[in-house]
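Asks: The following block contains a protein sequence and its predicted model.
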Amino acid sequence: MDLFSSAPALLPIPIRDGELAFCAQLALPWPNDVVLSRLLSETSWRAETVVVYGKRHLQPRLSAWHGDKAYRYSGLSLAPLPFTPLLDTIRLAAEKATGRRYNSVLMNYYRDGSDSMGMHSDNEPELGPEPAIASVSFGAMRTFILRHKDSKETLKLPLTDGSLLFMGGALQAYWMHGINKTSKPVGARLNLTFRNID
Ligand SMILES: O=C(O)CCC(=O)C(=O)O
Ligand SMILES: [Fe+2]
């Protein structure tokens with residue numbers, strides 16, 4: 001028997017100025033819908049306020065931060081919650097698929113098509129010069145948009161239920177990414193970005 005036959009394939013996506021790879025289904029011990037409903041009910045979801053150009057806004061999504069270090073962005077400092085056994089299992093699967101280690105996870109809950117994430121780079125200094133980020137999605141498919149900072153070249157990737165997108169190398173230095181609102185009727189989506197914070 002081939003012990004590795006069920007190992008998830010992480011397929012590189014050709015891109016300049018960075019590394020990108022996609023796995024259509026992360027190997028988990030439970031079906032995706034079970035993981036989705038457990039994550040929805042077991043997480044202390046928060047509506048965060050961010051300060052952009054001196055103005056306070058409520059983020060158009062809910063979020064939670066688990067790990068052992070605080071996370072800072074847009075004038076916000078998220079106090080970390082500990083990893084739960086469920087999050088640990090998903091982290092382990094993401095580490096196996098990508099060959100990297102992660103000590104934190106930012107969870108985002110897009111309740112419907114009016115929830116979104118603005119274009120940004122995950123380039124905070126504590127992520128290191130070439131951040132390795134494993135982005136795991138559950139629930140409704142939403143389109144992940146990548147835009148090159150200089151050429152404005154755009155790439156659109158459908159992030160489907162149970163998938164993993166790996167971002168590495170110089171990607172955060174050269175590209176921005178985000179999730180647009182959509183007028184299509186879409187249900188709940190969860191995204192977990194596993195990161196390694198110094
Ligand atoms: O929801 C997504 O797929 C993107 C999440 C993201 O970019 C982030 O958490 O930094
Ligand atoms: Fe991001």
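Replies: Right, received. Where do you want to start? Ligands and ions are numbered 1, 2, ... in the order given.
Asks: The residue nearest to T160 when sequence neighbours are not counted - how many residues pack around it?
Replies: Beyond its immediate neighbours in the sequence, the residue positioned closest to T160 (Cβ to Cβ, 6 or more residues apart in numbering) is M141, lying 5.0 Å away. For every residue, glycine as well, the C-beta is placed using N, CA and C. A count of nearby residues for M141, using other Cβ atoms under 10 Å, gives 16.
Asks: I figured M141 was touching L159, is that so?
Replies: Yes: judged on Cβ atoms under 8 Å, M141 makes contact with L159 at a distance of 6.6 Å.
Asks: Nearest residue to M176 in space, ignoring adjacent ones along the chain?
Replies: Using Cβ to Cβ, 6+ apart, the closest residue to M176 is M119 (4.4 Å).
Asks: just to revisit the earlier point, now the residue nearest to T160: phi and psi?
Replies: phi -70, psi 130 (degrees, to the nearest 10).
Asks: and the top helix by length along the chain, what does it pack onto?
Replies: Under DSSP state H, the helix in the chain containing the largest number of residues is helix 85-98. Secondary-structure packing of helix 85-98 (3 or more Cβ pairs under 8 Å, 6 or more residues apart in numbering; DSSP states H and E): helix 32-42, strand 133-139, strand 164-168, strand 189-195.
Asks: Flag every buried residue along it.
Replies: By neighbour count on 16 or more other Cβ atoms under 10 Å, the buried set for helix 85-98 is L87, I90, R91, A93, A94, A97, T98.
Asks: rewinding a little: okay, the residue nearest to M176 and F144: tell me how far apart.
Replies: As defined by Cβ to Cβ, to the nearest Å, M119 lies at a distance of 11 Å from F144.
Asks: Over to T98?
Replies: 17 Å.
Asks: got it, and R56?
Replies: Relative to F144, R56 is positioned 27 Å away (criterion: Cβ to Cβ).
Asks: So for these two, which residue has more residues nearby?
Replies: With neighbours defined as other Cβ under 10 Å, R56 and F144 compare such that F144 has more, 21 against 9.
Asks: still on that earlier bit, please see if the helix or strand just after the longest helix of the chain touches ligand 1.
Replies: Beyond helix 85-98 on the C-terminal side, the first helix or strand identified by DSSP states H and E is strand 104-110. Yes: when contact is scored as Cβ under 6 Å from any ligand atom, part of strand 104-110 falls within range of ligand 1: L106, N108.
Asks: Fine by me, thanks again.
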